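Visitor: Pasting a predicted model and its sequence here:
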Amino acid sequence: MSKDSLTVVNALLAVAFLQCLYYIAKEAYQIRLYAIESYGRVIHEFDPWFNARSTSYLYEHGWKAFSTWFDYMVWYPLGRPVGTTIYPGLQVTAVWIKNHILSDWSINDICVFMPAWFGAAATLAVTWLTYECTRHRASQGSILSEFPLIREVYKYIVVPLVRLGFDLLEKAVPSSSAWGLRPPTQNDQYNTFAPMACALSAAFIMSVIPAHLLRSIGGGYDNESVAMTAMVLTFCCWTFSLREDWNNLWITTALGLLTGVAYFYMVAAWGGYVFVVNMVAAHAGWLVLTGRYSQRLHRAYTAFYVFGTALATTVPVVGWTPLRSLEQMAPLIGFASLQLIEFVEVQKRKHRWGVVQTWKARVTVFMAAGVVAAGLAYLLLGQGYFGPISSRVRGLFVKHTKTGNPLVDSVAEHQAASEQAYFQYLHHVVKLIPYGLAMTLLFGYNDSSSFLLIYGIAAYYFSLKMVRLILLTAPIASMLGGIVVGRLFSWGILSALFAWTDTEPPIDKKGTKKSKPIGKNTKKDKKTDSSDKLDEKTENLETRNFQRSTMPWVLRGVRVAAAVYAMRLGKPYVEEFYKRSHDVAKSISHPTIIQKARTRDGEVVIVDDYREAYKWLAQNTPEDARIMAWWDYGYQINGIANRTTIADGNTWNHEHIALLGRILTAPEKEAHRIARHLADYVLIWAGGGGDDLAKSPHLRRIANSVYRGLCKEPTCREFGFYSNRVPTDDMRESLLYTLHSNGINPGVVVDRNRFREVYTSKYGKVRIYKIQSVSEESKQWVLNNRVCDAPGSWFCPGRYPPALEEILAQKRDFAQLEDFNRKTEGDDDYTKDYFENLNKKHRPEGSDAPKNTVKKLTADAIEKYNDKEYWQNNELTTLVWELISEGKMRELYDLIASNPAVPHLRSEDGRGPMWWAHEYKREKIVEFLKRLGVSEDREDVNGITPLSMKN
């Protein structure tokens, strides 16, 4: 085939590739718009409201004001230095888009659409990374050749046997090219087809995979929505810099600098940058340990680390953390180690050392450096130079599924992932991962592709420890799944029909021409004078002649048929995966702040209680009003009501949240005594489901971690309900229970001299109370007594009013397990007691506990309770949801024993125990409910059945 014909074919392939990529990117964008199409341009959840509010502040006031912004409307009375406690990449990106691309759009609209835009961008980035890791390299081989002993077995036993098999196959079927199974030569057209097919397959998976959808749905304006793109781009640039094609080390250095720029964007976007820098460091270390060190690796990593770290320190929230945090010591050690290795390599080339001399130099240099590093670390550690490992990160390495911090443990997404979670978020792709990894390691292993091994192991480990981090598995799962599909399609369809090969022998990385394909008996060729040049590639395409593959058309037909058959077998799984992805997209596109429900006559209505409550605050309270609510809702109150809050989702101050928890779970009189000095109104979520009553045990545990003695033991099991829904004494007396059940439960009436109800939302989801006898003296004291760190400084935190000194004197600062720099007495006894009591699943004992006899309702009774007339949110449905979500089988059994109707109860959205059991993967509870006659085929208001939530 002539060069011109080859150029035309490659051009057509490029056009087809780009066309397919366009449709995949379009799909990635559109699948993320369900929420916008159903609810309009609305910000979702909690954290996105803070991000949107801070974006507006940045746009209106500029970067200088933003970077020195001390927000007194949050964390009252302390305030928060937003500019130095935020990863600003998300906000800066949105403002840049507003200023330079979509100037006629509002900030709100840009914030709503950005997750969908970056969902498509991440898909494109995965396309590039997959292509980069599947390109054929001159040094490509098998991971089996990387290790001593295994290498010998592979070289002298496995490889000869495989070659013999190929030779016999070719003799049996002349001109068969071993049916295309023989490893391709460097210039085989398969090496063009396969990377493109793998990249497109990975892009399709990434475009719709649920693990990525979770953080990139329109309206979910969160850091992860842009950070995924930044992370994959960093990995792209890193693997790109390791290409053997680069003849000039300055090109490698430039690409290392580009990797540093991408990493800088990642640092600015999300705290997960620590994972990214450690992945690059781990990969560099792996290459060194497996004997793949090169000048190219040294230049690329050095440029990346120096430039990337220098840029990272300019992000205010990061500062000098890369050089002080234990979480980031590995990349620093990796940088230093590469410098030592390169120093020895330079001396080796200069003095022409042999193997023994080289290893002696390495040992000497590293021992000397180790002694110096150990001494320096000892001195710095004693002075508290190194920062502690955060409790969230520590939770990824401890044996327990809990961290020991009740605040962190109260967040569901910080819990360990189950086996079912991987199938739920990766679906059928999870089955392809082992095969994709095997293909990469056994047949396509090189400097770049080896990164997939490191990334895959790390992503699986960390996601297993924390379900939120399943997000990290989306790119690697997409790539490995795409490699399986892409290579099968290339081998069976593209290569069989359109393959041609280079008639000229390829040049290996040392400049040696190989006269015959692998597997032929050949004599050793002489090395050319260019053998010392770095990865020299000097052949000119003009001088090459290409010809069609000599494989008979019959054999090509067999390969095509085999591939088509495999594709037909896989088609149902692809369709199921695609449908499941869209179902997940729809299910997570229901904003927490807005809900759909069905009335008893079947009419679908929009439940907008939360936004209406916040708007009521904006319209009916003074501008300086302070709103007390659990920290979950702080961002929404700030963003919509524009009112001061006591705490929010930043959770930077454990002791302050503990004080809030103490107020809400204390008896009404005691709570008022504290609250009147801090707030003007109290807002609670009611109405069932995950309302404040369901969260109250967490509130109490957090309060007790600082104000010891509130509970008999650290997990506060006595603060809750007996199995028959009778509240314990502590729960009955609490402010939260009183405000929640005021006028609803018999005998529960709020003291109007302390708290007066001023607003209840239309569907009862939100109740707001005005605090009586608010201390204006304390309010003015807080306003006039902020203390700056220096005269004229912007950093001026607030202080608690003197009236709270007695209460604050009772607190004990919560000692994190990782706070080894503390000079104060440890908290080992409390921590030990906390973990021991976590294993005790029973509820408070008491005379109200029912006997363990479960009765099954009749068919007529079951139908009665499933009638829409009985669908409602109440304390009982809240309790059932809580028991199932936490997997408390024993307590659920006891509750059903006391009330046989419980298994068939339905909330306002039409969901009940069977839905929740499937949602939280409680297989034992599912089987238990099935024995009691609970159906898995009934539908909720949106037509979703429990079975449809199984996957």
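Guide: Structure's in. What do you need?

Visitor: going forward, measure contacts between C-alpha atoms and count neighbours the same way
Guide: Will do.

Visitor: ok, for Glu919, nearest residue in space, not its chain neighbours?
Guide: Among residues not flanking Glu919 along the chain, Met949 sits closest, at 5.9 Å (Cα to Cα, 6 or more residues apart in numbering).

Visitor: And for that neighbour, the neighbour number?
Guide: Neighbourhood size, Met949 [other Cα atoms under 10 Å]: 20.

Visitor: Equivalent analysis for Lys669, please.
Guide: 15.

Visitor: ok, it - contacts?
Guide: Arg754 (Cα atoms under 8 Å, 6 or more residues apart in numbering).

Visitor: Please identify the helix or strand for it.
Guide: Using DSSP states H and E, Lys669 falls within helix 668-675.

Visitor: how far does that helix sit from the chain's center?
Guide: 39 Å (Cα atoms, centre = their mean, to the nearest Å).

Visitor: just stretch 638-645 next, same as before
Guide: Worked out by Cα atoms, centre = their mean, stretch 638-645 lies 28 Å from the chain centre.

Visitor: Contacts made by that stretch with the rest, please.
Guide: 49-50, 52-53, 72-76, 611, 614-618, 623-629, 634, 637.

Visitor: Same question for stretch 736-750.
Guide: 664-665, 668, 684-686, 692-693, 696, 731-732, 756, 767, 769.

Visitor: can you give me the end-to-end distance of that stretch?
Guide: 10 Å (Cα to Cα, to the nearest Å).

Visitor: Let me see the mean pLDDT of stretch 363-377.
Guide: Averaging pLDDT along stretch 363-377 gives 91.

Visitor: what's the answer for stretch 93-106, then?
Guide: 96.

Visitor: before we move on, what about stretch 144-159?
Guide: 79.

Visitor: got a list of what the residue nearest to Glu919 touches?
Guide: Applying Cα under 8 Å, 6+ apart to Met949 gives the contacts Trp915, His918, Glu919.

Visitor: Tell me the spacing between it and His918.
Guide: 6 Å.

Visitor: Out of the contacts of stretch 736-750, which sit inside helices?
Guide: Leu664, Thr665, Glu668, Asp692, Leu693, Ser696, Met731, Arg732 (DSSP state H).

Visitor: doesn't Ala686 make contact with the fifth one?
Guide: Same thing as Leu693. Yes. Counting by Cα atoms under 8 Å, Ala686 is a contact partner of Leu693 at 7.4 Å.

Visitor: re the thing from before, please identify which of the contacts of Met949 is nearest to Pro115.
Guide: The closest of those to Pro115 turns out to be Glu919 (Cα to Cα; 24.6 Å).

Visitor: what's the spacing between that closest one and Asp583?
Guide: Applying Cα to Cα to Glu919 and Asp583 gives a distance of 13 Å.

Visitor: number of nearby residues for Asp597?
Guide: To be clear, residue 597 is Ala; Asp isn't right here. Neighbour tally, Ala597, other Cα under 10 Å: 18.

Visitor: An error on my part: the question was meant for Lys431.
Guide: Number of residues near Lys431 (other Cα under 10 Å) recorded here: 13.

Visitor: Trp63 too?
Guide: Neighbour count for Trp63, taken as other Cα under 10 Å: 14.

Visitor: One more: Asn784?
Guide: Asn784, neighbours per other Cα under 10 Å, totals 11.

Visitor: And for the one 3 residues further on?
Guide: Residue crowding around Val787 was assessed by other Cα under 10 Å; the count is 13.

Visitor: mind listing what it touches?
Guide: Cys796, Pro797, Gly798, Arg799.

Visitor: Which of the contacts of stretch 638-645 fall in helices?
Guide: In helices, judged by DSSP H, the following of these are found: Trp49, Phe50, Ala52, Arg53, Arg611, Tyr614, Lys615, Trp616, Leu617, Ala618, Gly634.

Visitor: contacting residues around the closest residue to the fifth one other than its chain neighbours?
Guide: Okay, so that is Arg611. In space, and not counting its chain neighbours, Arg611 is closest to Ile593: 6.7 Å by Cα to Cα, 6+ apart. Residues near Ile593 by Cα under 8 Å, 6+ apart: His44, Glu45, Asp608, Asp609, Tyr610, Arg611.

Visitor: And those, which is the shakiest by pLDDT?
Guide: The minimum pLDDT among those falls on Glu45, with 84.

Visitor: That one: neighbouring residues, count only.
Guide: 20.

Visitor: got it, and Trp915?
Guide: Number of residues near Trp915 (other Cα under 10 Å) recorded here: 27.

Visitor: which SSE is it in?
Guide: Here Trp915 is assigned to helix 913-919, by DSSP H and E.

Visitor: Name the residues that touch that helix?
Guide: 880-881, 884-885, 903-906, 923, 925-926, 929, 934-936, 945-947, 949-950.

Visitor: If any of those are buried, put those into a ChimeraX selection.
Guide: In ChimeraX, this line selects whichever of the contacts of helix 913-919 come out buried by 16 or more other Cα atoms under 10 Å:
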select :880,881,884,885,903,904,905,906,925,926,929,934,935,936,945,946,947,949,950
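
Visitor: The contacts of helix 913-919 in helices, which ones?
Guide: For the contacts of helix 913-919, the ones inside helices are Val880, Trp881, Ile884, Ser885, Glu923, Ile925, Val926, Leu929, with DSSP H as the criterion.

Visitor: pLDDT wise, what is the residue lying closest to the fifth one once chain neighbours are set aside at?
Guide: Excluding the flanking residues, the one nearest Glu923 by Cα to Cα, 6+ apart is Ala917, at 7.1 Å. Ala917 is assigned a pLDDT of 88 by the prediction.

Visitor: And Ala694, how close does it get to Asp730?
Guide: 15 Å.

Visitor: show me where pLDDT drops low in the stretch 501-650 of the chain?
Guide: 501-554, 598-602 (pLDDT under 70).

Visitor: How about stretch 648-668, which residues are buried there?
Guide: Applying 16+ other Cα under 10 Å to stretch 648-668 flags 648, 650, 654-668 as buried.

Visitor: ignore the last one, stretch 348-355
Guide: Lys348.

Visitor: if you average pLDDT over it, what comes out?
Guide: 89.

Visitor: what's the answer for stretch 275-292, then?
Guide: Mean predicted lDDT for stretch 275-292 stands at 94.

Visitor: Could you do stretch 741-757 as well?
Guide: Per-residue pLDDT values across stretch 741-757 average out to 90.

Visitor: after the helix or strand containing Glu575, next one along is what?
Guide: Per DSSP H and E, Glu575 falls inside helix 553-587. Going down the chain from helix 553-587, the next helix or strand is strand 595-598, by DSSP H and E.

Visitor: Can you tell me the strand partners of that next one and which way each runs?
Guide: strand 604-607 (antiparallel) (DSSP bridges).

Visitor: I figured His590 was touching Ala35, is that so?
Guide: Yes. Here His590 reaches Ala35: they are 6.3 Å apart, a contact under Cα under 8 Å.

Visitor: okay, the two: which has more neighbours?
Guide: Ala35 (25 against 18).

Visitor: give me every residue that touches that one.
Guide: So Ala35 contacts Ile217, Gly218, Gly219, Lys586, Ser589, His590, Pro591 (Cα under 8 Å, 6+ apart).

Visitor: From Glu919, how far out is the closest residue to Lys856 other than its chain neighbours?
Guide: With sequence-adjacent residues excluded and distances taken as Cα to Cα, 6+ apart, Lys856 is closest to Leu932, at 5.3 Å. The gap separating Leu932 from Glu919 is 19 Å, by Cα to Cα.

Visitor: Please apply the same query to Ser67.
Guide: Ser67 is 42 Å from Glu919, by Cα to Cα.

Visitor: got it, and Lys615?
Guide: 32 Å.

Visitor: what ranges do the strands span in the protein?
Guide: Listed in chain order, the strands of the chain (DSSP state E) span 70-71, 80-81, 500-502, 546-548, 595-598, 604-607, 626-628, 644-645, 681-685, 755-760, 766-771.

Visitor: Before I go, just wanted to say thanks for your time.
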